[in-house]
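Undergrad: The following comprises the amino acid sequence and a computationally predicted model.
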Amino acid sequence: MPNRPCCIPDRVFVVLLVLQFACVVIGLTESRSFTIGKNCFLKDGQPFRYVSGTMHYWRVPEQYWEDSFVKMRAAGLTAVDTYLIWNLHEQEPGDFYFDGNLNFTRYFQLAQKNGLLVVLRPGPFIAAEVDLGGLPYWLVRKNPDMKLRTTDPSYLHYVERWYNVSLPLVKPYLYANGGPIITVQVENEYSAYGCDVTYLEYLRDMFRRLLGNDVILFTNNYAVPQYLKCGTCPDTLATGDFGTNSISGGNISFYLDSLRMFNPDGPLVDTEFYSGWLDVWGSPHSTLSTSEMLDAAQIFMDRNVSFNFYTFHGGTNFGFVAASSQGPFQPITTSYDFNAPLSEAGDPTEKYYQIRDFLGRYFPLPPGPVPQPSKKGAYGSVQLRFAGSVYDNLKSLCPGGPIYSTLPMTFEILKHGHGFVLYRSYISQTFRDPTVLSIPGLHDRAIVLIDQVPVGIIGQGVGVLKMGIFVQPGQALDLLVQNEGRGGFFSGGDVKGIIGNVSLDGNNLTQWAMYPLSLPNFPARAPQTIKLKRNTPFGSKHHELRLPGFFSASFSTPEVLDTFVQLDGWTNGYIFVNGHNLGRYWPVQGPQVTLYVPAVYLNSGKPNVVDVFELENAPCAKLSECLIRFVDTPILNATVPVGLTEGRILKHSYPPKVQRPLS
């Protein structure tokens, strides 16, 4: 028995011990709860407000998750926010994958280990500037008439199958079950797409069935009345997403007042408080001043608002993950730096330190040193050699051979989700000079080749879907079609490839051979370098490089560090290191010039292999000039070409700066 304080009689002391033991038992069973109170959350029965930051697990190498969590906690954050990304977990029907960079249960464990709660947003649609908003591309192959994000039974069949597999993995990590997950979102920004509460209720009930009743479910929509009206759902917490005036075009107090109309008694939450903005190829790099952001955050602190920095660590769109922006059509850059507090490589920025100082006025900061940027590798130039054109490598790129059809087939029908398909038809009659090649259903971009010689580029982003060419009977007309990313917000299917006919002077071409090109994607379950003709002579029979084509090299590093690859003189393509698809480069378009290379993608003690797939033009007229450079500083803000869309592409169509009080 513990020692009795001298001032307490024995009998009273025993009673106190019994009561203390009872409290301990009750605490073991009832202490972990996260519920909604009057204008606040209740964590274990006590008023609670969280400040979180978004870090998507697939955009940051799994080996770096914990480092980012440590930095988030050191900045004063109390939670981390992430989506579940269905289309990476189930890239083909029934083939589920939850390992490596998609092991979200380990992500939850590491977050909790480092003192962070989790706000989970499992979709099914997530937007997030990812291909088709996170929905699998193959849904429209299963049913071309499928109505996504509705109660269409053919859609809900696959949604339910996905959740029957994924949500049981989530359930043990709910806060009430001892884990870090405090809230779970139903759908995402649904009111920008539809207004069917039956659909939202179906998802809500499915979540309840699979997760139970001991977790807060919430919706998230643009925080203006007309959107909140269509995007909220009974028995869920209504939250909003909005940023500062320059991002969202409105007044913070107006958005909070709008939320209060649909959430009269619960906590106010900004689920996406923008720390910056995304970039698209061909538009200037987006930034947001820290002072403007913190002025808005001050309003949140004054009004007891829980909020989430979207993003806190943006990361990278590795592989073919990136979506495209719709209206006008613009592909999203490989970097998802977002001008966030932690850079693409996870380094603290000046914005990070100012946020830390700001939050430190309201919350106790954990002990320990202030996080600092990590050392980067400046490995210098690497000389590449020509590794053959697409045609030289076609057998290895398309080992199954071509697929034949009278008319062109889409990527979806070809069971080829991403990247490239080479379409070929032979000219069977005489056409005038020039004849007009027309592909009105081209999605997205095509290099036009005649007898393997490039003659032009057309596509959505180019703004041209027809061009004049000269062809003769017997020649091969090839179209190397590139999928530049399915629309990541307004999701209606966004089928890729060639939809409909290809015509010359109005005459439809038939008898097509289609070659889906197999290139490393993300995540790489077992990274392997591309099988290329690495001993191809430098140049073709015309003493010129044949493009589109590949260039390759091996290189070693004195130490293994994060680095950035810079492709001066290169034009447009993809780059691979040791079988990892780093994503698209397009320096002539900007604003991104360098691509991030995580140290964990590099080899220690043996050479690395780098492969460049250049589509248009390479600086390789001389072998000595066929170079790429590994540098220690990223370039994400280069000048973009004149004539392209300028200024920030707003994600949301907010009403024009509505600032009057709500009645």
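TA: Arrived safely, thanks for sending.

Undergrad: and Q109, which of the three is it?
TA: Judged by DSSP: H, G, I helix; E, B strand; the rest coil, the three-state class of Q109 is helix.

Undergrad: How many residues are close by it?
TA: By other Cβ atoms under 10 Å, 16 other residues sit near Q109. Every residue, glycine included, has its C-beta placed from N, CA and C.

Undergrad: can you pull out the helices in the stretch 1-150 of the chain?
TA: 10-30, 65-74, 86-89, 104-113, 139-142 (DSSP state H, counting those that start in this stretch).

Undergrad: what pLDDT, on average, does the helix or strand following the last one get?
TA: Towards the C-terminus, the helix or strand next in line after helix 139-142, according to DSSP states H and E, is helix 153-170. Model confidence over helix 153-170 averages 98 on the pLDDT scale.

Undergrad: Which strands or helices does helix 153-170 pack on?
TA: helix 86-89, helix 104-113, helix 139-142, helix 197-211 (3 or more Cβ pairs under 8 Å, 6 or more residues apart in numbering; DSSP states H and E).

Undergrad: Worst mean pLDDT among those?
TA: helix 139-142 (a mean of 94).

Undergrad: pLDDT below threshold where in the stretch 351-500 of the chain?
TA: Scanning the stretch 351-500 of the chain for pLDDT under 70 picks out the ranges 488-492.

Undergrad: got the helices and strands packed on helix 153-170 as JSON lines, with distance to Q46 columns?
TA: Shown next, in JSON lines, are the helices and strands packed on helix 153-170 (distance: least, Cβ to Cβ, whole Å):
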{"stretch": "helix 86-89", "distance to Q46": "35"}
{"stretch": "helix 104-113", "distance to Q46": "19"}
{"stretch": "helix 139-142", "distance to Q46": "44"}
{"stretch": "helix 197-211", "distance to Q46": "23"}
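
Undergrad: Comparing those helices, which stretch has the densest surroundings?
TA: Neighbour counts (mean count of other Cβ atoms under 10 Å) averaged over each of the helices and strands packed on helix 153-170 peak at helix 86-89, with a mean of 23.

Undergrad: Could you give the separation of that helix from the chain centroid?
TA: 11 Å (Cα atoms, centre = their mean, to the nearest Å).

Undergrad: Which other helices and strands does it contact?
TA: helix 153-170.

Undergrad: Check which residues of the helix it packs on are buried.
TA: Using 16 or more other Cβ atoms under 10 Å as the test for burial, helix 153-170 gives 155-156, 158-160, 162-163, 166-167, 170.

Undergrad: Following element in sequence after it, please.
TA: That would be, after helix 153-170 and using DSSP H and E, strand 181-185.

Undergrad: any idea of the angle that next one forms with helix 197-211?
TA: Calculated by axes from the mean of the first three to the mean of the last three Cα atoms, to 10 degrees, strand 181-185 forms an angle of 150 degrees with helix 197-211.

Undergrad: could you give the mean pLDDT of strand 181-185?
TA: The average pLDDT within strand 181-185 is 98.

Undergrad: contact partners of that strand?
TA: 34, 41, 43, 50, 79, 108, 117-122, 170, 173-175, 207, 211, 215-220, 237, 271 (Cβ atoms under 8 Å, 6 or more residues apart in numbering).
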